[in-house]
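A.B. asks: this is the structure alone, sequence omitted:
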């Protein structure tokens, strides 16, 4: 048995998230169906990150096991034609049989995209419209407090089933790109809705409603009520998972 | 009777173009329906530019006549809630009763967006994927030949009903923005599919298949067969119409 690792990109708009559901269109469901169709045997992938409905990915990861002799790097070429246009296999490779996409990852990077100023309908699927002016320097100052090993309970949604809430953030920064303000966060793992709550909190900093140094108190409080609102899904992109 | 001018933005993905069709979803049809619903009397707008299916707009223009006393600048506020999320009124104002959105325009600007390198599903609705490396300097050199008053028959699709094919281009340039290559063309008017044929031709220049100075010969030939292919609609944005 060989284990194949896939890097998967998708537009989350028309998916009910990653995780398989019998009666809803999901990324995992479409991927299983396309691989099953190609390999003529039932395939069930194991995914790295169960992104929510509306969340996008440039580099989610999944693995599956197969007796097929197709070269490890050819699965994108072979299977993309069976996939709908809103998802694709970016790359593929054979990995060790005990490689696990969730437990073996070293770090992940998410981006959260906001649009300020005028918004056009062509922006609506891939960014959060924010009507205030945003001070990117202050957002960066606040984001810096996230870096390090912390209890991120303040940035943990109610439905989170993780056993503990300690995570290490390696990098967190905010940049402007035209009308967009882009938050980038890299860490060893993320709690449920963590990046979206960080984005909602950094918006409040950028809009001047809370001071950048308040971020430190919000983290230390370990209380979801201290952080800002959960930003909507369409601004979130899972950029990369590094092993 | 008052004449109201609307600046309209839309995501062309799920429209069968601008022009009203009884059995298809169009921008004009949705706009007429929303205005008719709001003003409780049948409204038929006159549009400036009948964009094709899949083409986007940040600033198309339409006018309509009404006895309503709603202030000219309030129609966006009033009507956007009745419009679907893939279109919006960006601004509105009262204009002279003889103002015509098509005949009175001084110039229009279109942009054409290409993506090079890796493409993700989140790019597919708003750009043309081009697999070659593109030389933006050469594309700019070729685009410069478009500027001026020319017979643009080489860049005119078969279905074009315009009486003459002379147009004046005021500016044409190409820039890189990350993975995107953006062509911007400003002129007093455009023939049917003109910008998309320009984009298809400039791609050939950027990819090294034709020399930049060949653009001059292509224009002078006044023959559609001399120019490149028609680029697909989803990369095209009607940016602005100036009066």
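C.D. replies: Alright, I've got the coordinates. These numbers come from a predicted model, not from an experiment.
A.B. asks: every contact and neighbour count from this point should use C-alpha atoms.
C.D. replies: Will do.
A.B. asks: contact partners for residue A:15?
C.D. replies: A:24-27, A:53-54 (Cα atoms under 8 Å, 6 or more residues apart in numbering or on different chains).
A.B. asks: go on, residue A:32?
C.D. replies: Neighbour list for residue A:32: A:42-45 [criterion: Cα under 8 Å, 6+ apart].
A.B. asks: how distant is the helix or strand harbouring it from the center of its chain?
C.D. replies: Using DSSP states H and E, residue A:32 sits within helix A:27-39. Put simply, helix A:27-39 sits 21 Å off its chain's centre (Cα atoms, centre = their mean, to the nearest Å).
A.B. asks: and what of stretch A:105-125?
C.D. replies: With Cα atoms, centre = their mean, you get 11 Å for stretch A:105-125.
A.B. asks: just confirm yes or no for it near chain B.
C.D. replies: Yes: using Cα under 8 Å from any Cα of the partner chain, stretch A:105-125 reaches chain B at A:120-122.
A.B. asks: measure that stretch end to end?
C.D. replies: 29 Å (Cα to Cα, to the nearest Å).
A.B. asks: then stretch A:48-64?
C.D. replies: 12 Å.
A.B. asks: residues contacting the residue lying farthest from the centre of chain A?
C.D. replies: Within chain A, the residue lying farthest from the chain centre (Cα atoms, centre = their mean) is residue A:69, at 31.6 Å. Listed by Cα under 8 Å, 6+ apart, the contact set of residue A:69 is empty.
A.B. asks: what about the strands in chain A?
C.D. replies: A:2-10, A:46-47, A:56-66, A:87-95, A:107-115, A:128-129, A:148-151, A:166-177, A:180-187, A:236-242 (DSSP state E).
A.B. asks: could you report the separation of the residue most central in space within chain A from residue A:183?
C.D. replies: Compute the mean C-alpha point of chain A, and by Cα atoms, centre = their mean the closest residue is residue A:238, 3.0 Å away. Using Cα to Cα, residue A:238 is found at 12 Å from residue A:183.
A.B. asks: what about stretch A:174-183, distance to the chain center?
C.D. replies: That offset, for stretch A:174-183, works out to 18 Å (Cα atoms, centre = their mean).
A.B. asks: returning to that earlier point: just want the angle from the helix holding residue A:32 to strand A:56-66.
C.D. replies: Calculated by axes from the mean of the first three to the mean of the last three Cα atoms, to 10 degrees, helix A:27-39 forms an angle of 40 degrees with strand A:56-66.
A.B. asks: coming back round to it: neighbour-wise, which of the contacts of residue A:15 leads?
C.D. replies: residue A:27 (31 neighbours; other Cα atoms under 10 Å in any protein chain shown).
A.B. asks: residue A:232 versus the nearest residue to that one once chain neighbours are set aside, what's the distance?
C.D. replies: In this structure, residue A:27 finds its nearest non-sequential neighbour in residue A:18, 4.7 Å apart by Cα to Cα, 6 or more residues apart in numbering or on different chains. Relative to residue A:232, residue A:18 is positioned 16 Å away (Cα to Cα).
A.B. asks: compare the two (neighbour count), which wins?
C.D. replies: residue A:18 (27 against 18).
A.B. asks: quick one, what contacts that one?
C.D. replies: Residue A:18 neighbours (Cα under 8 Å, 6+ apart): A:26-29, A:49-53.
A.B. asks: ok, so of these, who is nearest chain B?
C.D. replies: Distance to chain B across the contacts of residue A:18 (Cα to the nearest Cα) is lowest for residue A:27, with 12.4 Å.
A.B. asks: follow-up on the earlier one: my guess is the residue nearest to the centre of chain A contacts residue A:54. True?
C.D. replies: No: if you go by Cα atoms under 8 Å, residue A:238 and residue A:54 don't touch, sitting 11.6 Å apart.
A.B. asks: now do stretch A:174-185: everything it contacts.
C.D. replies: Contact partners of stretch A:174-185, identified using Cα under 8 Å, 6+ apart, comprise A:109-117, A:136-137, A:139-140, A:143, A:169-173, A:195, A:199.
A.B. asks: count the residues that sit near residue A:118.
C.D. replies: By other Cα under 10 Å, neighbour count at residue A:118 equals 11.
A.B. asks: hmm, I was thinking of residue A:159
C.D. replies: Residue A:159 sits with 9 neighbouring residues when counted by other Cα under 10 Å.
A.B. asks: the spatially closest residue to it that is not a sequence neighbour and chain B: what is the separation?
C.D. replies: Of all residues not flanking residue A:159 in the chain, residue A:192 sits nearest, at 7.2 Å (Cα to Cα, 6+ apart). As defined by Cα to the nearest Cα, to the nearest Å, residue A:192 lies at a distance of 23 Å from chain B.
A.B. asks: hmm, residue A:192 is touching residue A:160, no?
C.D. replies: Yes: here residue A:192 reaches residue A:160: they are 5.1 Å apart, a contact under Cα under 8 Å.
A.B. asks: chain B contacts on chain A?
C.D. replies: A:9-11, A:56, A:58, A:85-88, A:120-122, A:126.
A.B. asks: of those residues - the most surrounded one?
C.D. replies: residue A:56 (32 neighbours).
A.B. asks: contact partners for that one?
C.D. replies: A:9-13, A:234, A:236-238, B:122.
A.B. asks: so how far is residue A:131 from it?
C.D. replies: In terms of Cα to Cα, residue A:56 sits 23 Å off from residue A:131.
A.B. asks: need the contact partners of the helix or strand bottoming out on mean pLDDT in chain A.
C.D. replies: Of all helical and strand segments in chain A, the minimum by mean pLDDT, DSSP states H and E falls on helix A:75-79, at a mean of 95. Residues outside helix A:75-79 that contact it (Cα under 8 Å, 6+ apart): A:34-35, A:38, A:88-92.
A.B. asks: a markdown table for the residues you listed, including distance to residue B:152?
C.D. replies: What follows is the contacts of helix A:75-79, written out as a markdown table (distance: Cα to Cα, whole Å):
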| residue | distance to residue B:152 |
| --- | --- |
| A:34 | 46 |
| A:35 | 49 |
| A:38 | 48 |
| A:88 | 39 |
| A:89 | 42 |
| A:90 | 40 |
| A:91 | 43 |
| A:92 | 47 |
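A.B. asks: among the contacts of residue A:18, which one sits closest to residue B:222?
C.D. replies: Nearest to residue B:222, judged by Cα to Cα, of these is residue A:27 at 48.9 Å.
A.B. asks: next, the nearest residue in space to residue A:107 that is not next to it in sequence: phi, psi?
C.D. replies: Nearest residue to residue A:107, sequence neighbours excluded (Cα to Cα, 6+ apart): residue A:188, at 4.3 Å. Per-residue torsions, residue A:188: phi -80, psi -10 (degrees, to the nearest 10).
A.B. asks: contacting residues around residue A:188?
C.D. replies: Here residue A:188 is in contact with A:105-108, A:167-170 (criterion: Cα under 8 Å, 6+ apart).
A.B. asks: of the residues you listed, closest to chain B?
C.D. replies: residue A:108 (18.0 Å).
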